[in-house]
Each structure stands twice: as C-alpha cells, then as structure tokens.
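Visitor: heads up, no residue letters with this:
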C-alpha cells in the first residue's frame, strides 16, 4: 500500500512537471513567434519607410521642378508685360517731347544737373543731335548750377533722347537716356506693377 502511494505521488509529480514543461514550451514558442512577428514587422516597416522616403524625395524633386518651371514662366511673362509697358511709355514720352519742346528742355536741364552729382570737377555731356545746340547753349548755366566744368561729347545714337554723362577720361558713364530712366523706374516700381499686372498669380510652396 505504501509503495502504491509513493508511486501515485511520483506519477502526480511527473504529471505536474510534464504540465509545467508543456506550459513553458508553449510560452517559449509563443514568445519566439511574437519575436519573429515583430522582426518581420520591423523589416516591413523599414522597407515601407525606405519606399516612403524615396517617394518623398521623388515628390520633392518633382515639386521643386514644378515650382522652378512655374517661376520661370511667370518671370518670362512678367518681363514681357513690363517690357511692353516700358515700350508704350517710351512712345508716349517721345510724342510729348516732339509736341512740347519747352517741356522737354526743362526736363533735360533738370536731368543734366541732378544726375551729374557723381562726378567731380569735369564731366562730358552726350546728347541727341536734335538737342546738341540747345544743350551747348546752356552749358555755362549747367556748370554754374552743378558746380562742374561741362564739355560736349559725341552725339547719341539716332532715336535716343536724354543724356549720357561721362567723366573726363570717358571711363565712367551715367546713362540718363529716356530708355534707361524708364528701365530704372520699372525696376523701382516692379512690386507695385506686379501687383497690378498679375494680382492673382500665386505659386504653390
């Protein structure tokens, strides 16, 4: 009887241990499976992240290219519009010059005196053939008001009006022709003109 009890006790202990081993094995297997799943998910995530980065880079490149192309088109259109405005303004000014010599002479006087302050002592005036005799007749007055010794230089090209003022060695020039003054005015007023000409144009950024 005693032996049977011992045997039954040993069998119970064996069953308990076998159960523990089975549970531990299942837990280990489950842990290993979870680890494998996590590792697989990590690999998938890394691959996805790499794909997303590549897509983001491609998208950024395409977006940058789109913005650059859009800016180029916008700048070309704006430049074209500004050039049209400048050309039309020049035509109107030339009409005013031809129809009102008094107005133009007064403008030319102020232009010579005010834009010659870059120079010291001496300066050379280059004007259009049509303005040559008038400017020559006023040269003493210009010299007195600007406190410079002016002399007459070569005449401007046909179609040019206004004045080009050089230093004595003809190495420095202040271009105050009508065309150049309009270009400078357009640059100065570019933001305001752009807002009027292209008020609704926006780039995606």
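Guide: Now that the structure is in, tell me what you want to look at. Please read all numbers here as calculations on a predicted model, not as lab measurements.

Visitor: so where is this structure shaky, pLDDT-wise?
Guide: Low-confidence regions of the chain, defined by pLDDT under 70, span residues 1-37, 39-75, 78, 189-205.

Visitor: so which residues of it form strands?
Guide: Listed in chain order, the strands of the chain (DSSP state E) span residues 122-127, 149-152, 162-166, 173-177.

Visitor: turn the ones you listed into JSON lines, including distance to residue 183 and mean neighbour count.
Guide: Where you see a C-beta, it was placed from the backbone N, CA and C, and this is true even at glycine. Supplementary listing: the strands of the chain in JSON lines, determined by distance: least, C-beta to C-beta, whole Å; neighbours: other C-beta atoms under 10 Å:
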{"stretch": "strand 122-127", "distance to residue 183": "18", "mean neighbour count": "21"}
{"stretch": "strand 149-152", "distance to residue 183": "25", "mean neighbour count": "16"}
{"stretch": "strand 162-166", "distance to residue 183": "12", "mean neighbour count": "23"}
{"stretch": "strand 173-177", "distance to residue 183": "9", "mean neighbour count": "17"}
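
Visitor: so which of those strands comes closest to residue 141?
Guide: strand 149-152 (9.7 Å; C-beta to C-beta).

Visitor: partner strands of the closest one and their direction?
Guide: According to DSSP bridges, strand 149-152 forms sheet pairs with strand 122-127 (parallel).

Visitor: contacts for the partner strand?
Guide: 108, 112, 116, 135, 139, 142, 146, 148-156, 162-168, 170 (C-beta atoms under 8 Å, 6 or more residues apart in numbering).

Visitor: now do 6 Å
Guide: Applying C-beta atoms under 6 Å, 6 or more residues apart in numbering, the external contacts of strand 122-127 come out as 116, 135, 148-154, 156, 163-166, 168.

Visitor: from those residues, which single one is nearest residue 129?
Guide: Within these, distances to residue 129 taken as C-beta to C-beta reach their minimum at residue 156, with 7.7 Å.

Visitor: can you count the residues close to that closest one?
Guide: Residue crowding around residue 156 was assessed by other C-beta atoms under 10 Å; the count is 19.

Visitor: lovely, talk soon.
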